[in-house]
Structures are given as C-alpha cells and as structure tokens.
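Student: after the sequence you'll find the predicted model.
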Amino acid sequence: MDVLLIILAVLAALIGIAGAVIPGLPGTPLSYGALLLLHLTKAIDYSGKFLIIMAVIAVVITLIDYWIPIYGTKKFGGTKAGVRGSIIGLIIGVIVLPVLGIVIGPFGLLGIILGPFLGALIGERMAGTPEKDAFRSAVGSFLGFVAGTLIKVIYGLVVLFYLGKDIIGLIFN
C-alpha cells in the first residue's frame, strides 16, 4: 500500500507543477495533496505543524493567484473599468471558454493569459482611457498573471523537493 501511495504522491506533485501553468488543473492543491498522500504512508510522517503551514501557504497562494492580475492592473495605472475588465476577462478565460468547449492554445493557456489582458484593455478603452494607458494597464494584468504562475511553480517545486528528499531517504535508509 505504501508503494502505491508514494507513486500517487509523486504523480500528484508532478501534475501539481503542471497545474501551476495549465489552466483547469488545481496545481497548488494537487501539490499539497501529494504531501498528504506521502504522510499517509507508514514510512513517512510529517508533523501536524508542517502540514498546517503548507496548507495555509497553499490556500493563500490559491487565493492570491486570482488577485495578483487585478493588483497588477491597478499598480500599472488601471482604473476601476480596467480592474473590472480584468476580472471579467479572467472569468471568461478560465471558466466560460472551457465550459463552452473553446480551448484557446495549448490546454487553454492563452485563454487564461489573454482573458485578463484583453479584459483590462477593453475595459480601459470603453472607459475612454487613452490607448497607451490602457495598454499599460493590460500589461500590468499580464505581469500579475506571470507572478501568480511563478509563485505556484515555486510552491510545487518546494513540495517536490520534500517528496524527493523523503523518498530518497526512505530508499537509502
């Protein structure tokens, strides 16, 4: 049973890292799930404190991942119209297009990138913001997306490090 849990943990960690980039895959929760799977084995026992800290970090990352593109839009001079457009674009890119079966690019990646970007750009232009400022706001949204993705990838790699370290320790002990 332990071997199966270890294999599932490694798969969850790898899919979690992929999910940090691919829309529709809950990367951070999958990475955390990998820790839980390894904890369920008889051979590896994480402390409750460690699991709680990693869970809190996973929840925070999951929440801020949706907030960062909005923050980027504001930070780069976006107005409320740009922020609203970014939110609407994110929803369309992440939820509406996949539900309708429309996948833009590999695994919908372009939908999640272009959604907030185009939403912020369109929102700003509809509000009468000059094209240059509207584009800057949209760039802020894109940079927020990149920052959120980077944070998720780092979390996934940290989890993979712990898994690798503990599995290797198990094999050689």
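Tutor: In hand now; what should we look at? Residues are numbered from 1 along each chain as shown.
Student: which elements pack onto the longest helix along the chain?
Tutor: With secondary structure taken from DSSP state H, the chain has its longest helix at helix 131-172. If you count contacts as 3 or more Cβ pairs under 8 Å, 6 or more residues apart in numbering; DSSP states H and E, helix 131-172 packs onto helix 2-19, helix 27-39, helix 48-75, helix 80-91, helix 109-126. Yep, even glycine has a C-beta here, placed from its N, CA and C like the rest.
Student: now find how far off-centre stretch 27-39 is within its chain.
Tutor: Mean-position distance between stretch 27-39 and its chain equals 14 Å (Cα atoms, centre = their mean, to the nearest Å).
Student: cool, and stretch 6-22?
Tutor: Its chain's C-alpha centre and that of stretch 6-22 lie 13 Å apart, by Cα atoms, centre = their mean.
Student: pLDDT at residue 88, what is it?
Tutor: For residue 88, the pLDDT comes out at 85.
Student: kindly report the same for the one 3 residues further on.
Tutor: For residue 91, the pLDDT comes out at 78.
Student: got it, and the one 10 residues further on?
Tutor: The score at residue 101 is 63. That number is its pLDDT.
Student: nearest to residue 164, of the helices and strands packed on helix 131-172?
Tutor: helix 2-19 (8.6 Å; Cβ to Cβ).
Student: now that closest one: average pLDDT?
Tutor: pLDDT averaged over helix 2-19 gives 94.
Student: contact partners of that helix?
Tutor: The contact list for helix 2-19, computed with Cβ atoms under 8 Å, 6 or more residues apart in numbering, reads 25-35, 37-38, 40-43, 152-153, 156-157, 159-160, 163, 167.
Student: in this protein, what secondary structure element scores lowest on mean pLDDT?
Tutor: helix 97-99 (a mean of 65; mean pLDDT, DSSP states H and E).
Student: specify the local secondary structure of residue 44.
Tutor: coil (DSSP: H, G, I helix; E, B strand; the rest coil).
Student: SS state for the closest residue to residue 137 other than its chain neighbours?
Tutor: Closest residue in space to residue 137, ignoring its immediate chain neighbours: residue 78 at 3.5 Å, by Cβ to Cβ, 6 or more residues apart in numbering. Assigned with three-state DSSP, residue 78 falls in the coil class.
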